[in-house]
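A.B. asks: Kindly generate the corresponding structure for this input.
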Amino acid sequence: LLLLLLLTGSSLLLVSAEQTTCKRNEQNIVYIKTHKTGSSTLANIFHRYGDKYEMHFALPNDNTFYAWPHLETDRILNTVWDYEEGETFNMFCSAHVRYNRKALQTLVPNAIYITVLRSPFTHVKSSWSYWGIPMHIRSVSGVTLTLEEFMENPEKNIELGKKGDKKLLINSQAFDLGLDNTPTKEEVIDLIAEMENDFFVLITDYMDESLVLLKRKYCWDMEDILYISLKQRTGKTQRNELTEPTPFEKKINKMNYADKMLYEHFKAKLFAAIDEDEGFEKDLQRYREEMYSFSVNCNNFLKMDDVRKRKLLEEGNEITKSERQCRLTRLDSQAYSKHMKWKEGGDPSEVECSTQGHPRRSVIFLRATGVPDDLIATLFVRFAQSRKMVVNERRNDIDNSKGSFGDVFKVPAHRKINYFIQDKGHMFTAQQIRPHMQPKSVTVAVVIDPVQRFLRMWKEHNIKNTIGVDMETYLADPLAHSNAMGKELQYNLHNGMARSFGYSGPLNDDQKGESEGTRISTSLSYIIILDRFYESLTYLRRFVCSKRSDVIFPLTDDNINLPDGRIDVTQESIYTKTTVSKQLTDLILQWNTVDKALFSRANAMLDRILSREVSVDIETALIRKNIAMVTNRCKQQNTLPGCVKWTMGPFDLMKKRK
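C.D. replies: Numbering: from 1, shown residues only. Next up, the predicted model:
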């Protein structure tokens, strides 16, 4: 039956040898992106093709999946970005999706379908290591297995790891094409028959041949199928059809019988089409020569990451066509999806995200004494609670004579903490907090100009009256006033931010101040700078992958989380600064060398982050605009729900929600 399909299939890939009369037809395209088959390279080719001809893309919300591994029609439709019922598209290629004809036909009618298949033997070997399946088995079941040992009893051993491993290892190509992981042979034959009608199937093991055939069948330009490869390949296609599989390979083929049936059928179909095309081998050789030349020319751009490439493409000066082609060719699927959303005028807060489109689920918010960071703490609490994530909860009966984590916070019995908000009255290090957190926790902190922090603490603790001298006199010799001030207060006053984050050195450290400040800054995942508040807030939203509405608040007198009450949204700082002389500034910094270095490094880190990010100025302006709108609304009617909740601080908000 498979042979019959091969010989009589209505879409046998016969390509005219006369390419001079070939004319490209406008054609809608659906690309089924299978896993570990070279599919990302192909996705880039289809992105560039659709971009070149201004096709209307169906882009994924999270830039990663169209509902995969789910197959339901509604799920797939709901994962398309900015989709309205009845809307149709020309190109569907940006992420993994399982083949569901009804859903895909709804989105992209009258399309040709393209996918790629790989030899089951090399596919399993690649998937085994890439997806970390042996690590999953070891972590779940405590068993260490090589792939050879796994293949002794794959049906049993696949159950030793994570649930999703089966989808990625057992007949995973058939799974991506809409079947389950253990279909009947009849189901596979039916799928092949369906694919015969309007599928073009590429073969990973013969990628160049597949792409040249695609080009010749659909009249694409040579530049449309170029990709980066510094390997020089010559000669005719080597088919290796008579190679006898090893016993190990036979085991894999038996396990992945569905993938094997699909692969062998469409590989044979590829060879049949090549044999029917007189001009194919000449075109293939020209393609390989042009691809090598293109790859050499693009070699200078290989080290540049996707964010930097997008920055230059979207915000840089005019670049040549060849340079643009090089940069586009190196964008991965997520980056190209974001690039296309940018081209379609997408809101940066819906496009830019440092995770894979999903909110970050494990954040430790470390807080420093003397830093007015209640606003950030409250934003974190509201964000976590709105997503039904676990936030740490303080005990009502805290025994200050005890200092363990469990003495201060309630430890959830069956769930780990998603968002931990440091209590300034009971400080813990990130190392002490992490065992109670969800995996892969990150640390976020807030810093302030060390001069301004010193001035605020001096005023808040009424230090002048406590020690009986003014600030200038004190700073001439702080150690002379240690007894009058008390060690705890004095150590909080000097380099207190660094101490809150792990510095344990002397009152001041002239020699190690720079290195200690650098060490602390690099130990934190992200540092918010109150003096550059709105820039910091923009990247915070991207860092935790929240919505823009999650970082909007009113600048009103009722908002008790603001450092100094109402402040104008046009200012860079979120607090009121005090102006002092340069002489006093230098004296304060002289006795806060670690905090000075920490603040300097935080600014350098933020500069580096923002220099790489796309559309930062646009998003920052939108955040400011939204804050101004909410502020005006709350001034007019402060009893609105969105206004009232800002009358509570972070820990009161936790209790209220509970």
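
A.B. asks: For Asn638, grab the count of nearby residues.
C.D. replies: 16 (other C-beta atoms under 10 Å). From N, CA and C alone the C-beta is placed, and that goes for glycine too.

A.B. asks: Please apply the same query to Asp477.
C.D. replies: 9.

A.B. asks: residue contacts, it?
C.D. replies: Asp477 makes contact with no residue under the criterion C-beta atoms under 8 Å, 6 or more residues apart in numbering.

A.B. asks: what are the phi and psi angles of Ala111?
C.D. replies: phi -100, psi 160 (degrees, to the nearest 10).

A.B. asks: My guess is it contacts Glu26. True?
C.D. replies: No - between Ala111 and Glu26 there is no contact under C-beta atoms under 8 Å: 11.5 Å.

A.B. asks: Neighbour count for these two, which is higher?
C.D. replies: Neighbours per residue, other C-beta under 10 Å: of Ala111 and Glu26, the larger number sits with Ala111, 20 against 7.

A.B. asks: how many other residues sit next to the residue lying closest to the more buried one once chain neighbours are set aside?
C.D. replies: Spatially, and ignoring its direct neighbours in sequence, Ala111 is nearest to Asn28 (3.9 Å; C-beta to C-beta, 6 or more residues apart in numbering). Applying other C-beta under 10 Å, we find 19 residues neighbouring Asn28.

A.B. asks: Now the phi/psi pair for Asn28, please.
C.D. replies: phi -70, psi 150.

A.B. asks: Tell me how far it lies from Leu366.
C.D. replies: 51 Å (C-beta to C-beta, to the nearest Å).

A.B. asks: now do Lys343
C.D. replies: Taking C-beta to C-beta, one finds Lys343 at 39 Å from Leu366.

A.B. asks: Ok, Asp550 next?
C.D. replies: For Asp550, the distance to Leu366 - C-beta to C-beta - is 20 Å.

A.B. asks: more neighbours, the two?
C.D. replies: Using other C-beta under 10 Å as the criterion, Asp550 and Leu366 rank with Leu366 on top: 24 against 20.

A.B. asks: so who does that one touch?
C.D. replies: So Leu366 contacts Gln422, Ala430, Thr443, Val444, Ala445, Ser500, Phe501, Leu524 (C-beta under 8 Å, 6+ apart).

A.B. asks: buried residues in stretch 578-598?
C.D. replies: Thr585, Leu587, Ile588, Leu589, Trp591, Asn592, Thr593, Val594, Asp595, Lys596, Ala597, Leu598 (16 or more other C-beta atoms under 10 Å).

A.B. asks: give me the number of residues near the residue nearest to the fifth one when sequence neighbours are not counted?
C.D. replies: For Trp591, the nearest residue in space outside its immediate sequence neighbours is Asn508; the separation is 5.1 Å by C-beta to C-beta, 6+ apart. Asn508 is flanked by 16 other residues according to other C-beta under 10 Å.

A.B. asks: what residues are up against Asn508?
C.D. replies: Neighbours of Asn508 in contact, by C-beta under 8 Å, 6+ apart: Pro478, His494, Asn495, Gln590, Trp591, Asn592, Thr593, Val594.

A.B. asks: So what does it look like in phi/psi?
C.D. replies: According to degrees, to the nearest 10, Asn508 has phi -150, psi 150.

A.B. asks: any idea how far it is from Thr429?
C.D. replies: Following C-beta to C-beta, the distance that separates Asn508 from Thr429 is 22 Å.

A.B. asks: which other residues reach the one helix or strand Thr443 maps to?
C.D. replies: Assigned by DSSP states H and E, Thr443 falls within strand 442-447. Applying C-beta under 8 Å, 6+ apart, the contact partners of strand 442-447 are 360, 362-368, 371, 373, 376, 430, 497, 501, 523-530, 540, 543, 598-599, 602.

A.B. asks: For the residue nearest the centre of the chain, which non-adjacent residue is closest in space?
C.D. replies: Nearest residue to the geometric centre of the chain (C-alpha atoms, centre = their mean): Thr355, 2.5 Å. Closest residue to Thr355 apart from its sequence neighbours, by C-beta to C-beta, 6+ apart: Cys545 at 4.5 Å.

A.B. asks: Return the residues in contact with Tyr113.
C.D. replies: Contacts of Tyr113 (C-beta under 8 Å, 6+ apart): Val30, Tyr31, Ile32, Tyr99, Leu104, Met195, Asp198, Phe199, Phe200.

A.B. asks: Confirm the second one sits in a strand?
C.D. replies: Meaning Tyr31. Yes - counting by DSSP: H, G, I helix; E, B strand; the rest coil, Tyr31 falls inside a strand.

A.B. asks: Around it, count how many other residues there are.
C.D. replies: Around Tyr31 there are 27 residues (other C-beta under 10 Å).
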